[in-house]
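Colleague: A structural model of the following input is requested.
(one chain, ligands or ions: 3)
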Amino acid sequence: MPMTMRSLLHLHFSAPLPPCHRLLPKPLLIVPPTFFSKSPTGLPAFSSSSIFSFRSHCKVPIVHVDSPAQPRVAFGEIHVITGPMFAGKTTALLRRVLAEKNTGRNVAVIKSDKDTRYGLDSIVTHDGAKMPCIALPELSLFRERLGAEAYNKLDVIGIDEAQFFVDLYDFCCNAADRDQKTVIVAGLDGDYLRRRFGSVLDIIPLADSVTKLTARCELCGQRALFTQRKTSEKQTELIGGSDIYMPVCRQHYVDGQVVKEATRTILDIERIAV
Ligand SMILES: Nc1ncnc2c1ncn2[C@@H]1O[C@H](COP(=O)(O)OP(=O)(O)O)[C@@H](O)[C@H]1O
Ligand SMILES: Cc1cn([C@H]2C[C@H](O)[C@@H](COP(=O)(O)O)O2)c(=O)[nH]c1=O
Ligand SMILES: [Zn+2]
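Modeller: Numbering: from 1, shown residues only. Ligands and ions are numbered 1, 2, ... in the order given. All right, here's what the predicted structure looks like:
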């Protein structure tokens, strides 16, 4: 049964568009050639006059695809790499961006300017591997900092320390849905209390792929899923490396929390006793 014009338009416009699409240009109507050719019943799906009226009624650009098998790439991609500290997130990001660059694609890497551990002009792994990057307080400044012409030529955007970007969701949404970029995002899923960290978890529904990496537990060598803070600071954001944090398995995370609670209780008792 050939799709009728009304059902096609209903299908195309009935799905509610999520908020990030508010900035998008008018939606494209992508139709395969079969839409305007013979229908399975042998009757033309639409006569030439109805095509004209379809175009005049359909107030959105119509993009023909060459064939249903190879539609033109009209959208980008989002790939998320997450896990605890020392899991290899930056290493994986660096490798994927290099792989894209080696295929001739135009790449750029962004990191949060809050990450001052190794300077602001590169992303640096805990092993010391480096790649030039642009350090920003917010992702919305990227296009302006790079320049519109250079941005439009970009194929791949890498983002490191993604947990520090408050505008991660909208940036990724627009870069992939509107600007046809491949966005590769590396960031912590949880903070030292195993709570969601920034907006990394928010972009999971937008993602083509999600990779959760693990490190090695500093205390037993098992898979480390969590990051334990070794110091007593309580704020969520505290920049640092192995001086402040260590990756731990579930058992040693829980044990560590018990020790911290017991220590806190003893200190409170001593404080009261004085
Ligand atoms: N406990 C650990 N478990 C795993 N890797 C560790 C550990 N401590 C140090 N490393 C080193 O850290 C590297 C990962 O660094 P990096 O890619 O910057 O991780 P992330 O970005 O996830 O913090 C590993 O290749 C390894 O050499
Ligand atoms: C767990 C945790 C980490 N941070 C900071 C510490 C580092 O500067 C980065 C993570 O770096 P990496 O590339 O993943 O090694 O985040 C923080 O501010 N708060 C935390 O709870
Ligand atoms: Zn352990």
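Colleague: CA only for contacts and neighbour counts going forward, please
Modeller: Noted.
Colleague: and the chain, which of its residues are near ligand 3?
Modeller: With the criterion set to Cα under 5 Å from the ion, the chain comes near ligand 3 through 217, 219-220, 249, 252.
Colleague: Show the buried residues in those.
Modeller: Buried members of those, scored by 16 or more other Cα atoms under 10 Å, are 217, 249, 252.
Colleague: quick one: the first one from A175, how far?
Modeller: Right, the one you point to is C217. 36 Å (Cα to Cα, to the nearest Å).
Colleague: Residue of the stretch 51-200 of the chain nearest ligand 3, please.
Modeller: In the stretch 51-200 of the chain, the residue found nearest to ligand 3 is P84; the distance is 13.6 Å by Cα to the ion.
Colleague: contacting residues around that residue?
Modeller: P84 makes contacts with 188-190, 213-215, 224-227, 247, as judged by Cα atoms under 8 Å, 6 or more residues apart in numbering.
Colleague: cutoff 7 Å now
Modeller: P84 makes contacts with 188, 214, 225-227, 247, as judged by Cα atoms under 7 Å, 6 or more residues apart in numbering.
Colleague: Mind putting the residues you listed into JSON lines with neighbour count, pLDDT and secondary structure?
Modeller: As requested, the contacts of P84 are exported to JSON lines (neighbours: other Cα atoms under 10 Å; pLDDT from 0 to 100; DSSP: H, G, I helix; E, B strand; the rest coil):
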{"residue": "L188", "neighbour count": "28", "pLDDT": "98", "secondary structure": "coil"}
{"residue": "T214", "neighbour count": "22", "pLDDT": "98", "secondary structure": "coil"}
{"residue": "L225", "neighbour count": "23", "pLDDT": "98", "secondary structure": "coil"}
{"residue": "F226", "neighbour count": "28", "pLDDT": "98", "secondary structure": "strand"}
{"residue": "T227", "neighbour count": "27", "pLDDT": "98", "secondary structure": "strand"}
{"residue": "P247", "neighbour count": "27", "pLDDT": "98", "secondary structure": "strand"}
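Colleague: any idea which of these is the one closest to ligand 1?
Modeller: Nearest to ligand 1 out of those is P247 (Cα to the nearest ligand atom; 5.5 Å).
Colleague: Settle this for me: that closest one is touching A87, isn't it.
Modeller: No. The pair P247 / A87 is not scored as a contact, 8.1 Å apart, by Cα atoms under 7 Å.
Colleague: which neighbours do those two share?
Modeller: Common neighbours of P247 and A87 (Cα under 7 Å, 6+ apart) are A215.
Colleague: Of the buried ones among the residues of the chain next to ligand 3, which belong to helices?
Modeller: Among these, the members found in helices (DSSP state H) are H252.
Colleague: any chance of the buried ones among the residues of the chain next to ligand 3 in a markdown table, plus pLDDT and distance to ligand 2?
Modeller: Listed next are those as a markdown table, based on pLDDT from 0 to 100; distance: Cα to the nearest ligand atom, whole Å:
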| residue | pLDDT | distance to ligand 2 |
| --- | --- | --- |
| C217 | 98 | 14 |
| C249 | 98 | 14 |
| H252 | 97 | 15 |
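Colleague: Tell me the one of the buried ones among the residues of the chain next to ligand 3 nearest H126?
Modeller: C217 (15.5 Å; Cα to Cα).
Colleague: Look up how far G256 lies from that closest one.
Modeller: Taken as Cα to Cα, the span from C217 to G256 is 12 Å.
Colleague: Show the model's pLDDT score for D268.
Modeller: pLDDT recorded at D268 is 83.
Colleague: I am finished for the moment; much appreciated.
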